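*Asks:* please find the sequence and the predicted model below.
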Amino acid sequence: MRVHRSLTPAAVACLAAAAWLAAVRAAPPGADDCFVYVGSYTDPPSTSKGIYGWRFSPASGAVAPLGLVAPTVNPAYVHATPDGKFLFATNWQTADAAKADTVSAYAVDAKTGALTLLNKASAGGGLPNQVVVDPRGTFAAVTNYGFRTTDLDRNNSSFAALKIRPDGTLGDPVYVDHHAGPASSPRQTTGAHTHGVVFTKDDRFAFVAELGLDRIYTYRVDPTKPALTPSTPPFVAVSAGSGPRRLVLSPNDRFLYVNHETDSQVSVFSVNDGRLNEIQQISTLPAGFTGRNTTAEIQIDKAGRFLYVSNRGADTIAMFAVDPAEGTLTLGEFFPALGRTPRNLTIDPSGRYLFVSNQSSNNVVVFAIDAATGRLTPTGAELKIDQPASVLFVNAATAASRQITWTFDRLDTIGGAKTTVEGHPRLIDTPVGKAIAFDGVGDSLLIEQHPLAGADTFTFEAIFRPDGGATQQRWFHLAEIDPKTGLATSVEKTTSEPNSRLLFEIRVVDGNQWYLDAFMNGPGYSKALMFADKLHPIGRWYHVAQVYDGRWYRSYVNGELQGEAEVAFKPQAPGRASVGVRMNKVNYFRGAVAKARFTPSALPAAEFMTVSGK
């Protein structure tokens, strides 16, 4: 950089800092970089206008502002789909509050962090204070605080679930539950006030904190709808007047931790197949504290060794040591929040930093976490924003950069890979674009690539049209090649190992309907996901997917779950693909294939390809 002789060292430093900041903002995200999104309260006297963004580097601790990324009203809480492609924000209080407030849906630009508004949907109640996407990415759960009124007929508190469509937009609530019951304490006289939700990692259960009724509700999650059903019994009670607010699970889902807003305690529950049993209560304040205090947020570190709770009033972060075997807590230290009213705590994806959102002092403070002791040390980084609320991290490096897409718009190559054509498959124009048609008798393509070779998790998608024909049709086949013979192992068993392959098949019923058969096979695993009651009409365009997340194998048609099973899948070796027939030339396909996509990670249904013009 050229420096004028008359510039002072301080001015040079300022210019260098400005140049560094510009470079950080312009540079492509690193593998570990994150976008940081902060929601805010926008009602006067706040000057905030919506959701603000920063770029954060865990390697250096550097934070660079992106500015206002989404103007919107009172985005009190923000959450994202598992792969970070879509973001949802609760609009805490809008002009529609008399009926229901809203949740806004945004697309995330993986390169710049910019947000594009997709739509707004009813929150299913008033004053939505949290939105959380389930682990499969199928729906957004919303806790609505509701009006604070002794007229319980006007209380529009609720727990709601909104379906996430494949394009990231939100549908209307598919489930709404209004909690009801008598007040358990003179402190709580305004009825239900739902305040927090957390899902188990296997997506079987959701736990909801009911602040107004001093209860923790349990819901069973049905991934095939998707839907939620109250458990039996539907809730457990906590101490009268305690005001359970937010929840977090241990990494192994064996223990649930709930902070009490009103009495500044934490309840610890053991979890057994969704059933809760309280095993401890412990204060978030030092002995002898006499001031006014309410807790706000609770977080647990990635290893499950340390738990943090924010104290509003004391304006501290309480740190607890966690007994991983028993789940119980031991109070450790208190750390100043370096601001007033710490409303939100969020640990970054690396697990090395804690961001503390101080609502009344208009700052978000970054702390480094000592992995050995759990102690917090300010890094010196601070995000300035009026009345900050929740903080969200989205990984800047997305799975999209590793995806392989095949478009079936030519016969000689597919996705850049050489093909071998057998029979007379035809290139056709369709409502979804170019496609290749197969006659169900002798047409096929052999493609010299196994796009998911080496992947330990995956999403295998295709857009196709079945046109009737034989009952069994094996139409998309990925298979290993035996390194000794050069043959695909599903053509001829050349070793003692089972054949390693992934297959899309269909079963045609009465000539006018079909159901999906997704199949994986390899050393130590073999599973078909085939559900004869999930029938679909012949002659239409469909999206199908099979997904493996490291434990669960799932199949989908048009984004709807067909079924699932636990499988101990092992990555497959390089190989080839066959389209229109199984690799050994049996069970030919009658229909057309337009597109396929292969992702070496488990995508939620909201991130699947879509069928347009069908």
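*Replies:* Structure received.

*Asks:* please count neighbours and contacts with C-alpha atoms only from this point.
*Replies:* Noted.

*Asks:* any weak-confidence spans in the chain?
*Replies:* Applying pLDDT under 70 to the chain flags residues 1-31, 94-100, 148-154, 185-189, 223-224, 397-402, 482-499, 613-614.

*Asks:* please redo it, this time with the cut-off set to 50
*Replies:* By pLDDT under 50, the weakly predicted segments of the chain are 1-30, 96-98, 399, 490-497.

*Asks:* would you point out which residue is most central in it?
*Replies:* P82 (2.4 Å; Cα atoms, centre = their mean).

*Asks:* A strand includes that residue, no?
*Replies:* No - counting by DSSP: H, G, I helix; E, B strand; the rest coil, P82 is not part of a strand but coil.

*Asks:* list the residues that contact it.
*Replies:* Contact analysis of P82 by Cα atoms under 8 Å, 6 or more residues apart in numbering lists V133, P135, R136, G137, L603, P604.

*Asks:* and V268, bridged to which residues?
*Replies:* Note on V268: beta-bridge partners Y257, Q280, judged by DSSP bridges.

*Asks:* contacts only, for it.
*Replies:* Here V268 is in contact with F255, L256, Y257, V258, E278, I279, Q280, Q281, G327, T328 (criterion: Cα under 8 Å, 6+ apart).

*Asks:* and if we set it to 6 Å?
*Replies:* Residues in contact with V268 (Cα atoms under 6 Å, 6 or more residues apart in numbering) are L256, Y257, E278, I279, Q280.

*Asks:* which of these are buried, as a PyMOL select command?
*Replies:* Those of these that count as buried under 16 or more other Cα atoms under 10 Å are selected in PyMOL with:
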select buried, resi 256+257+278
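
*Asks:* out of the contacts of V268, who's nearest R426?
*Replies:* Distances from R426 to those, taken as Cα to Cα, are shortest for L256 (57.2 Å).

*Asks:* burial count for the nearest residue to the closest one once chain neighbours are set aside?
*Replies:* Take L256 and drop its neighbours on the chain: the residue closest to it by Cα to Cα, 6 or more residues apart in numbering is L249, 4.6 Å away. Close neighbours of L249, defined as other Cα atoms under 10 Å, add up to 23.

*Asks:* ok, now V221?
*Replies:* V221 has 21 nearby residues by other Cα under 10 Å.

*Asks:* what's across from it in the sheet?
*Replies:* Residues in beta-bridge contact with V221 (DSSP bridges): L228.

*Asks:* wait, doesn't it sit right on F205?
*Replies:* Yes - assessed by Cα atoms under 6 Å, V221 is found in contact with F205 at 5.4 Å.

*Asks:* show me what the helix or strand that T90 is a member of is packed up against.
*Replies:* Element membership for T90, per DSSP states H and E: strand 86-91. When contacts are defined as 3 or more Cα pairs under 6 Å, 6 or more residues apart in numbering; DSSP states H and E, strand 86-91 packs onto strand 75-80, strand 102-108.

*Asks:* from F86, how far out is the closest residue in space to L117 that isn't next to it in sequence?
*Replies:* Nearest residue to L117 in three dimensions, chain neighbours excluded: Y106, at 4.4 Å (Cα to Cα, 6+ apart). Distance of Y106 to F86, given as Cα to Cα, to the nearest Å: 6 Å.

*Asks:* V266 now?
*Replies:* In terms of Cα to Cα, V266 sits 32 Å off from F86.

*Asks:* so how far is S104 from K595?
*Replies:* 31 Å.

*Asks:* T232 now?
*Replies:* Applying Cα to Cα, the value for T232 to S104 is 33 Å.

*Asks:* in terms of neighbours, single out the busier of the two.
*Replies:* Shown here are T232 and S104; by other Cα under 10 Å, S104 has more neighbours (22 against 12).

*Asks:* can you say which helix or strand has the closest residue to the more buried one other than its chain neighbours in it?
*Replies:* Nearest non-adjacent residue to S104, counting by Cα to Cα, 6+ apart: K120, 4.4 Å away. Assessed by DSSP H and E, K120 sits inside strand 115-122.

*Asks:* by contact count, what packs against that strand?
*Replies:* The contact analysis (3+ Cα pairs under 6 Å, 6+ apart) places strand 115-122 against strand 102-108.

*Asks:* so what secondary structure elements neighbour the strand it packs on?
*Replies:* So strand 102-108, by 3+ Cα pairs under 6 Å, 6+ apart, packs with strand 86-91, strand 115-122.

*Asks:* one step back: nearest to N558, of the contacts of P82?
*Replies:* For those, the nearest to N558 is P604 (12.5 Å; Cα to Cα).

*Asks:* thinking again about what came up before, tell me the spacing between the residue nearest to L256 and I385.
*Replies:* Taking Cα to Cα as the measure, L249 falls 30 Å from I385.

*Asks:* over to G212?
*Replies:* 30 Å.

*Asks:* more crowded one of those two?
*Replies:* Between G212 and I385, G212 has the larger neighbour count (other Cα under 10 Å), namely 31 against 25.

*Asks:* what strand or helix carries that one?
*Replies:* Applying DSSP H and E, one finds G212 in no helix or strand.

*Asks:* so which bits of stretch 364-381 are buried?
*Replies:* Of all the residues in stretch 364-381, those buried under the rule 16+ other Cα under 10 Å are V364, V365, V366, F367, A368, I369, A371, G374, R375, L376, P378.

*Asks:* phi, psi for the second one please.
*Replies:* Put plainly, it is V365. In terms of degrees, to the nearest 10, the main-chain angles of V365 are phi -100, psi 140.

*Asks:* need the contact list for it.
*Replies:* F355, V356, E382.

*Asks:* and if you look at the third one?
*Replies:* With contacts defined as Cα under 6 Å, 6+ apart, V366 is in contact with L354, F355, T379, A381.

*Asks:* so the last one versus P65, what's the distance?
*Replies:* In this structure, A381 lies at 12 Å from P65, with Cα to Cα as the measure.

*Asks:* what segments of this protein are helices?
*Replies:* For the chain, the helices defined by DSSP state H occupy 9-26.

*Asks:* before we move on, the earlier item: so how far is V208 from the residue nearest to L117?
*Replies:* Y106 sits 25 Å away from V208, going by Cα to Cα.

*Asks:* so between those two, which is more surrounded?
*Replies:* V208 (26 against 22).

*Asks:* quick check: bridge partners of that one?
*Replies:* Going by DSSP bridges, V208 forms beta bridges with V197, Y217.

*Asks:* re the thing from before, and the two most separated of the contacts of P82?
*Replies:* Every pair of those checked by Cα to Cα; the farthest is V133 and L603, at 13.2 Å.

*Asks:* burial measure for the closest residue to A368 other than its chain neighbours, as a count.
*Replies:* Among residues not flanking A368 along the chain, Y353 sits closest, at 4.5 Å (Cα to Cα, 6+ apart). If you count neighbours by other Cα under 10 Å, Y353 ends up with 23.

*Asks:* next one: P604
*Replies:* Other residues close to P604 by other Cα under 10 Å number 22.

*Asks:* residues contacting L276?
*Replies:* Contacts of L276 (Cα under 6 Å, 6+ apart): F269, S270.

*Asks:* let the chain start at 59 from now.
*Replies:* In the new count, where the first residue is 59, that last one comes out as L334.

*Asks:* who's it bridged to?
*Replies:* Here L334, judged by DSSP bridges, has bridge partners V329.
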